[in-house]
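Q: need a structure here:
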Amino acid sequence: MLGLRSTETEPDRSVDGPLSARDAIRAVEAELGRALSEGLCRAHDVDPVFARDVAGRVTAFVWRGGKRLRTAFAWCGWRAAGGRGDATALLRTGAALELVQACALIHDDVMDESLLRRGAPAVHVDFARMHRAARMAGAPQAFATSAAVLAGDLALAWADDLLTETALDSPYGVRLHREWQAMRREMVAGQYRDLHAQATGATGVDEAVSIATLKSALYTVARPLALGASLQGGEATTLEALRAAGQCAGLAFQFRDDLLGAFGDPAVTGKPADDDLRTRKVTYLLAAGLELAAACHDKEAAEALAPTAPVPTDAAVHRMRTALERTGARTVVESKIAELAATSVRHFDRTGAEPFVRREFAALVERASGVSLKDTGEAA
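A: The predicted structure follows:
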């Protein structure tokens, strides 16, 4: 759960529905439970083996963790647009966002060949173990990859079903569905740009920012904010401010994830700390390191970070980390995260949301970015 900081001024207790982002996270768990239970029941009606192996793993994966950030940001957008009263549509939208996040993570782990997610074996790794334990025919990895792709597809199907049902029951369903459609397109585009950049050896900062925006920033923060506001028929000016706030906060979140992917502790993050370095993924951190190495004529750092270098050994990964520190790339990224977090809060304030909601959003941005807004002068 999110450890959101408390505020001195309490929200208006006359408002029905979740009174805070933390309340929304708690409430969406029940909605998510209903959606997963219905999905499992329907899967059993189709085929018991499919239900056990695929639907069961999707359900377990969703329950295994996650910060539920997207739900919290959707609540902020809903309240910024004047959301009050029955919050059922908001919570169902939040549950759909958690399911689409499961799809993205399962597929991302397949493409990146990651072994660990949320402190446990990635879904494709678990399928490979099942294959070996059951002494099934064929190559375990081929089976596992295909099965994990299907698991991700199922999570997306469940998300689409839930969002569509919500849109059909909402007076602003068309707007809600359009936001959802745009989010799905952006996610796929971002994943492909990521693959394309690795295949072509792209290293530019602009490329890294484009990938981070499409693959993470928009669907992590910007679209959830807009989805929440769409449920209330939010005005164009409100949506404009929310999208700007969301893109900045989303990039801050992704750049923090880049740092954790290079320097984080797997015991804390629940995923390996060197996958991005070993695969030389085009992150803002790596692109900044290469740019800084070239600017200061640091040949050793440039060679260590180059996309054409051999697959890194443990020693080579250590050299990459050293190069990112020595060139100042880590410091540059930290500064950029702080700048983006502060800018995000200023954009959100333009929505005219209640002070309590603005403080809730600021607390979420702090949580997502790992930045204390007090240090940036933007504390609410």
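Q: which element follows the worst-scoring helix or strand of the chain on mean pLDDT toward the C-terminus?
A: Every helix and strand of the chain was ranked by mean pLDDT, DSSP states H and E. The lowest is helix 266-269, at a mean of 67. Downstream of helix 266-269, the next assigned helix or strand under DSSP states H and E is helix 275-279.
Q: for that next one, what is the average pLDDT?
A: Regarding helix 275-279, the rounded mean pLDDT is 76.
Q: Counting by contacts, list what it packs against.
A: Secondary structure elements in contact with helix 275-279, counted by 3 or more CB pairs under 8 Å, 6 or more residues apart in numbering; DSSP states H and E, are helix 236-263, helix 284-295, helix 314-326. For glycine as for every other residue, the C-beta is placed from the backbone atoms N, C-alpha and C.
Q: which stretch in those helices has the least confidence?
A: The bottom spot among the helices and strands packed on helix 275-279, by mean pLDDT, belongs to helix 314-326, with a mean of 89.
Q: Would you mind identifying the next helix or strand past it?
A: Taking DSSP H and E, what comes next after helix 314-326 is helix 329-349.
Q: Check which helices and strands that following helix sits against.
A: Checking 3+ CB pairs under 8 Å, 6+ apart, helix 329-349 ends up next to helix 236-263, helix 284-295, helix 355-369.
Q: Distance from the longest one to the middle of the chain?
A: Pointing back at helix 236-263 there. Relative to its chain's centre, helix 236-263 lies at 10 Å (CA atoms, centre = their mean, to the nearest Å).
Q: Give me the helices and strands touching that helix, please.
A: Using 3+ CB pairs under 8 Å, 6+ apart, helix 236-263 is in contact with helix 69-80, helix 205-212, helix 223-230, helix 275-279, helix 284-295, helix 314-326, helix 329-349, helix 355-369.
Q: closest one to residue 123 among those?
A: Comparison of the helices and strands packed on helix 236-263 against residue 123 by CB to CB identifies helix 275-279 as nearest, at 15.6 Å.
Q: Identify each buried residue in the closest one, please.
A: Applying a neighbour-count criterion of 16 or more other CB atoms under 10 Å, one finds 275-278 buried in helix 275-279.
Q: swap in stretch 30-40?
A: 31-32, 35-36, 39-40.
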